[in-house]
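Participant: please work out how this folds:
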Amino acid sequence: MAGETIFALSSGQPPAAVSLIRVTGPRGSKPGEAIADTLPEPRHAAVRALRHPQSGDLLDDALVLLFAAPASATGEDIVEFQCHGGRAVVDAVLAALGAIDGLRLAQPGEFTRRAFDNGRIDLTEAEGLADLIHAETESQRKAALGLAEGGLKRQIAEWQGKLLGLSAAAERAIEYDDEDEAADPALAAGCAALAAELGTWLDRPRLVPLKSGLRVVVAGPPNAGKSSLINAIVGSDRVIVSDIPGTTRDFVEIPLALEGVPIILTDTAGLRDSAERVEAEGIARARSLVESADILLWLGDPVDMPGHPDAIAVHAKSDLPERPAPSASLATSAVTGAGIRDLLEAVAERGKALLPAEGAIAINRRQAAELEGARHALVDAAAVPDTILVAENLRSARAAFDRITGRAGVEDLLDALFSRFCLGK
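Facilitator: Numbering: from 1, shown residues only. This is a model prediction of the structure:
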């Protein structure tokens, strides 16, 4: 497949003002010449009449660009046709390209896969591009852009440079030192220092909650006002409200964005002892959600609030005169709207503290697992007394870095990753 020349519509589905159609491959310039006659100089745009390669029928007047290999996005020749964005025009150009021998329609993500295969990007940048395509909030966009622009790639290159220096020192010691001589203390110190540096990165907030959303769980006893509060936050009747205890039997999830922070607002069953089987199952799920919540909004008595590290005591129904607000709770009213804005600001503030800082490079679950493997190997290298074992642990750390960047051992991940891309990317 890598030796084939491919094409695809790389912009959104028509109609549009302009549609972008791309061709790439080892023979990328030939199809361009087949329908545009002559191509402009690389990286110079020119208007060309596009004609069907067999019938000679005029298809469109388009802006044409050539990006010559290897200085292109894919590392191969790329020809771009910026056509008028009508459906008929786009369909006609795609059909003409499909009629050329040796040219086929690209699969989803195949352009980016070729950029990876040809060394134009590494695996961390490809993962960043995939996240960028699916980003829905400003925080997600910035984090994805940091990966896509090579932020983690550059950091790993710095770590690999240090690691290679340690490995070279270990190999020299094996070659020239006496067999019974212990490992060099300076080498052990270098391994420990690099392990500590990796540890600080592993302690940073991860990319996972930023991608999937922080789980904000609303919990408390029955009839505490949980569903009414959620409806007031969302601005619509998303969950059933009733004065009958036990109305909510299962949890309800509502995705939102607060000041660019993605959250999953979750309504839960009222917490109480119940012999009714369905309600009891809902209560069990609610308790599990309370334990796994990133942020807990507790609508019960503050004295009964679970010991959660990021819990906010909320006094709902504060408009009722018979419900004075405890001093430790944030008073809200789903009826008047009082306190709702303050609550959302408090949730957003807590959420930002749990997410990667703006501009910081965040790592995903796969990258964190490999980074932990490298750290563990370095810790072992600093602890073992034998230089041969030090060198072996350093080789394990280098292999973990290679898996992060995609140099080795990630073949099973690639198809799943690039299938997340749209056609023409």
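
Participant: so what's the backbone phi/psi at the closest residue to residue 17 other than its chain neighbours?
Facilitator: Of all residues not flanking residue 17 in the chain, residue 85 sits nearest, at 5.4 Å (CB to CB, 6 or more residues apart in numbering). Quick note: C-beta positions are derived from backbone N, CA and C, even for glycine. Here is the backbone geometry of residue 85 (degrees, to the nearest 10): phi -90, psi 20.

Participant: how much space separates the closest residue in space to residue 329 that isn't next to it in sequence from residue 199?
Facilitator: Spatial nearest neighbour of residue 329, chain neighbours left out: residue 315 (3.8 Å); criterion: CB to CB, 6+ apart. Noted for residue 315: a distance of 41 Å to residue 199, by CB to CB, to the nearest Å.

Participant: same deal with residue 78?
Facilitator: The gap separating residue 78 from residue 199 is 42 Å, by CB to CB.

Participant: more neighbours: which of these two?
Facilitator: residue 78 (24 against 14; other CB atoms under 10 Å).

Participant: tell me where the stretch 251-400 of the chain has helices.
Facilitator: Secondary structure of the stretch 251-400 of the chain (DSSP state H, counting those that start in this stretch): helices at 277-292, 340-354, 365-383, 387-405.

Participant: check contacts around the residue most central in space within the chain.
Facilitator: The centroid of the chain falls nearest to residue 131 when counting by CA atoms, centre = their mean (4.0 Å). Neighbour list for residue 131: 140, 143, 144, 147, 148, 207, 211 [criterion: CB atoms under 8 Å, 6 or more residues apart in numbering].

Participant: neighbours of the third one, how many?
Facilitator: It stands for residue 144. Neighbours of residue 144 (other CB under 10 Å): 23.

Participant: you'd agree it is up against residue 135?
Facilitator: Yes: if you go by CB atoms under 8 Å, residue 144 and residue 135 touch, sitting 5.1 Å apart.

Participant: rewinding a little: identify whichever of the helices of the stretch 251-400 of the chain lies nearest to residue 115.
Facilitator: Among those, helix 387-405 comes nearest to residue 115, with 13.9 Å by CB to CB.

Participant: what comes up buried for that closest one?
Facilitator: By neighbour count on 16 or more other CB atoms under 10 Å, the buried set for helix 387-405 is 387, 390-391, 393-394, 396-405.

Participant: that one - contacts with which helices or strands?
Facilitator: helix 123-134, helix 151-176, helix 185-202, helix 365-383 (3 or more CB pairs under 8 Å, 6 or more residues apart in numbering; DSSP states H and E).

Participant: look up phi and psi at residue 24.
Facilitator: Here is the backbone geometry of residue 24 (degrees, to the nearest 10): phi -140, psi 150.

Participant: how about it, what does it touch?
Facilitator: Applying CB under 8 Å, 6+ apart, we find residue 24 in contact with 5, 6, 7, 72, 73, 74, 76, 77, 78, 79, 111, 114.

Participant: and what of residue 368?
Facilitator: Residues in contact with residue 368 (CB under 8 Å, 6+ apart) are 202, 206.

Participant: looks like residue 308 contacts residue 289 (just checking).
Facilitator: No: taking contacts as CB under 8 Å, residue 308 lies outside contact range of residue 289: 11.3 Å.

Participant: more neighbours: these two, which one.
Facilitator: With neighbours defined as other CB under 10 Å, residue 308 and residue 289 compare such that residue 289 has more, 20 against 16.

Participant: leaving out sequence neighbours, find the closest residue to the more buried one.
Facilitator: Among residues not flanking residue 289 along the chain, residue 217 sits closest, at 5.0 Å (CB to CB, 6+ apart).

Participant: can you count the residues close to the one you found?
Facilitator: 26.

Participant: pretty sure it is in a strand, no?
Facilitator: Yes: counting by DSSP: H, G, I helix; E, B strand; the rest coil, one finds residue 217 located in a strand.

Participant: follow-up on the earlier one: what's the most distant pair in the contacts of residue 131?
Facilitator: Once CB to CB is applied, the contacts of residue 131 give 148 and 211 as the farthest pair, at 13.8 Å.

Participant: residue 314 and residue 301 touch, don't they?
Facilitator: No: the criterion here is CB under 8 Å, and residue 314 misses it with residue 301 at 11.5 Å.

Participant: looking at these two, which one has more neighbours?
Facilitator: More crowded of residue 314 and residue 301, by other CB under 10 Å: residue 314, with 28 against 14.

Participant: how near is the more buried one to residue 29?
Facilitator: 64 Å.

Participant: so who does the residue nearest to residue 155 when sequence neighbours are not counted touch?
Facilitator: Nearest residue to residue 155, sequence neighbours excluded (CB to CB, 6+ apart): residue 361, at 6.4 Å. The contact partners of residue 361, taken as CB under 8 Å, 6+ apart, are 146, 147, 151, 152, 155.

Participant: of these, just say which sits nearest to residue 349.
Facilitator: Set against residue 349, the nearest of the contacts of residue 361 by CB to CB is residue 146 (22.3 Å).

Participant: name the element that closest one belongs to?
Facilitator: helix 138-148 (DSSP states H and E).

Participant: quick check: buried residues in that helix?
Facilitator: 139, 140, 142, 143, 144, 146, 147, 148.

Participant: pLDDT below threshold where in this structure?
Facilitator: Scanning the chain for pLDDT under 70 picks out the ranges 1-2, 177-183, 236-250, 273-279, 324, 409-410, 412.

Participant: domain map for it?
Facilitator: Segmentation of the chain into domains, based on automatic domain parsing, reads 5-117, 124-205+363-405, 210-354.

Participant: can you list those domains in TSV and add distance to residue 418?
Facilitator: Formatted as TSV, those follow (distance: least, CB to CB, whole Å):
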stretch	distance to residue 418
domain 5-117	3
domain 124-205+363-405	7
domain 210-354	17
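
Participant: from residue 367, how far off is the residue nearest to residue 155?
Facilitator: 10 Å.

Participant: can you list residues touching both of these two?
Facilitator: Common contact partners of residue 361 and residue 367 (CB under 8 Å, 6+ apart): residue 152.
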